[in-house]
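> A predicted structure for the sequence below; I have some questions about it.
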Protein chains: 2
Amino acid sequence: MAQAPGTPAPAFTTLDDAFGILRRSGHRVSAPRRIVLQGLLSAGTLVTVDELTARLTTESTPLDTSVVYRNLETLEAVGLVRHVHCGHGPGRYAIAAGGDREYLACERCGAVLEVTGDEIEPVRREILQRFGYRARFTHFPILGLCRACQERDAA
Amino acid sequence: MAQAPGTPAPAFTTLDDAFGILRRSGHRVSAPRRIVLQGLLSAGTLVTVDELTARLTTESTPLDTSVVYRNLETLEAVGLVRHVHCGHGPGRYAIAAGGDREYLACERCGAVLEVTGDEIEPVRREILQRFGYRARFTHFPILGLCRACQERDAA
DNA sequence: CATGCTGTTGCGAGCGCACTGCAGCTGTGG
DNA sequence: CCACAGCTGCAGTGCGCTCGCAACAGCATG
């Protein structure tokens, strides 16, 4: 239920919405910021900073990875973006559209399944009952084998 | 049920047992190897490479971190050691005593709860039923808040 | 529309963790 | 005791991410 640390879920629909949210929280709407947000929106899925930077650099002006990192951090702080760490390797970012999401990732093929807090609640309840831990898979997903990789294993 | 990738569970009881296992799998029992294994055994809990190196360097001869990494890798390959990644930060290593273990880690205080595969099976079953993923928490734990930190939050 | 404050950029440097290459050394089976 | 893998020790590399700082540019304000 709770969103990323100390942030409401804005659920913006247009880029201008997002820019408004940024301004209202005391941030500026700079060119790199616009580009990053737009790039993330058009990517649609989880992307790494390098992927995002590469994609956005070819399409327009050069873009520094440190700037991308800083912007993603800012965007995440106001709730427009979230990111997840799937096993080793770099973090993956996405637009925070609507409520919170929890993740399952495949250790073999890298597939990431995104589910809502409600869908995963029974799992969390099971864990809480048995071990007393209040689990969150918003930032560090459940890792394992997806169905396809299990079937590939069976063969 | 399955142990770390492609390895039986040796369940050694003494250091000499462990050395025998090493030799039988075509590895040598060198001084650093002995020291690392002994250090890990006497640590009792999950330790990082840096902690282990520091602890073992003061007690004896200098020890290179790359050697420690390589030895831990070898020891893990023969099933004497395992390691887990709790959130950000370095991996944590422990003696692989007996069957496989799965982990829950607290994002706030860093506490790590170690449970058996059997204990966590109901959780895995729930996940498999609902999402088709065969989850493993042997290498990447369930992250969340431990009981103590939840109570601290409530207050 | 001009001004100034302050958040942001761009660039280099740096950090933590982990891994690699290689020459020289050493445990081990014969 | 010997020879030959396997291992050590050291320096160096790579990746993901962060920081410092001077120059720049949104944005509120007059």
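Looks like it came in fine.

> could you check whether the helix or strand bottoming out on mean pLDDT in chain A is close to DNA strand D?
Lowest by mean pLDDT, DSSP states H and E among the helices and strands of chain A is helix A:49-59, with a mean of 93. Yes - using Cβ under 7 Å from any atom of the strand, helix A:49-59 reaches DNA strand D at A:49-50. C-betas here are computed from N, CA, C, even on glycine.

> would you list every one of the strands in chain A?
A:81-84, A:92-95, A:101-106, A:112-116, A:134-135, A:142-145 (DSSP state E).

> List the strands paired with the fourth one, with their directions.
Yep, that's strand A:112-116 we're talking about. strand A:101-106 (antiparallel) (DSSP bridges).

> From B:H85, how far out is A:S30?
Computed with Cβ to Cβ, to the nearest Å, the distance linking A:S30 and B:H85 is 35 Å.

> Look at those two and report which has more neighbours.
Comparing A:S30 with B:H85 by neighbour count (other Cβ atoms under 10 Å in any protein chain shown), the higher total belongs to B:H85, at 19 against 12.

> Skip the chain neighbours and tell me the closest residue to that one.
Using Cβ to Cβ, 6 or more residues apart in numbering or on different chains and skipping residues adjacent in sequence, the residue nearest B:H85 is B:G91, 5.1 Å away.

> quick one: that neighbour and B:E51 touch, right?
No - judged on Cβ atoms under 8 Å, B:G91 makes no contact with B:E51 at a distance of 11.3 Å.

> Next, show the common contact partners of these two.
The contact sets of B:G91 and B:E51 do not overlap (Cβ atoms under 8 Å, 6 or more residues apart in numbering or on different chains).

> outside of the top helix by length along chain A, which residues touch it?
Ranked by residue count under DSSP state H, the longest helix found in chain A is helix A:117-131. By Cβ under 8 Å, 6+ apart, the list of residues contacting helix A:117-131 from outside reads A:1, A:99-102, A:133-137, A:142, B:104, B:113, B:115, B:119-120, B:122-123, B:126-127, B:130, B:142, B:144.

> Now do the contacts for the residue nearest to B:H85.
By Cβ under 8 Å, 6+ apart, the neighbours of B:G91 are B:48-49, B:83-85.

> Out of the residues you listed, which are close to DNA strand C?
B:48-49, B:85.

> now, among those residues, which is nearest to B:Q38?
B:Q38 has its nearest neighbour among these in B:V49, at 15.6 Å by Cβ to Cβ.

> now the nearest residue to the closest one once chain neighbours are set aside: how far from A:L80?
With Cβ to Cβ, 6+ apart as the criterion, B:V49 has its nearest non-adjacent residue at 5.3 Å, and that residue is B:V68. Distance from B:V68 to A:L80, counting by Cβ to Cβ: 42 Å.

> How about A:L22?
Distance from A:L22 to A:L80, counting by Cβ to Cβ: 7 Å.

> next one: A:I127
Per Cβ to Cβ, A:I127 is found 29 Å from A:L80.

> Please apply the same query to A:R28.
Taken as Cβ to Cβ, the span from A:R28 to A:L80 is 14 Å.

> Ok, A:E121 next?
Going from A:E121 to A:L80 by Cβ to Cβ gives 25 Å.

> So which of those two has more stuff around it?
A:L80 (26 against 13).

> Quick check, the more buried one in contact with A:A96.
Yes - here A:L80 reaches A:A96: they are 5.8 Å apart, a contact under Cβ under 8 Å.

> Pull out the buried positions in stretch A:74-92.
A:74-76, A:78-86, A:91-92 (16 or more other Cβ atoms under 10 Å in any protein chain shown).

> Which one of those residues is nearest to DNA strand D?
Taking Cβ to the nearest atom of the strand as the measure, DNA strand D lies nearest A:G91 of the buried residues of stretch A:74-92, at 3.4 Å.

> From DNA strand C, how far out is that closest one?
Noted for A:G91: a distance of 13 Å to DNA strand C, by Cβ to the nearest atom of the strand, to the nearest Å.

> Poorly predicted segments of chain A, please.
Across chain A, the ranges flagged by pLDDT under 70 are A:1-11.

> 80 instead?
Low-confidence segments of chain A (pLDDT under 80): A:1-11, A:59-60.

> got the residues of it near chain B?
Chain A comes close to chain B at residues A:85, A:87-88, A:104, A:106-107, A:113, A:115, A:119-120, A:122-123, A:126-127, A:130-137, A:139-140, A:142-147, A:150, as judged by Cβ under 8 Å from any Cβ of the partner chain.

> Since that was my last question, I'll sign off now.
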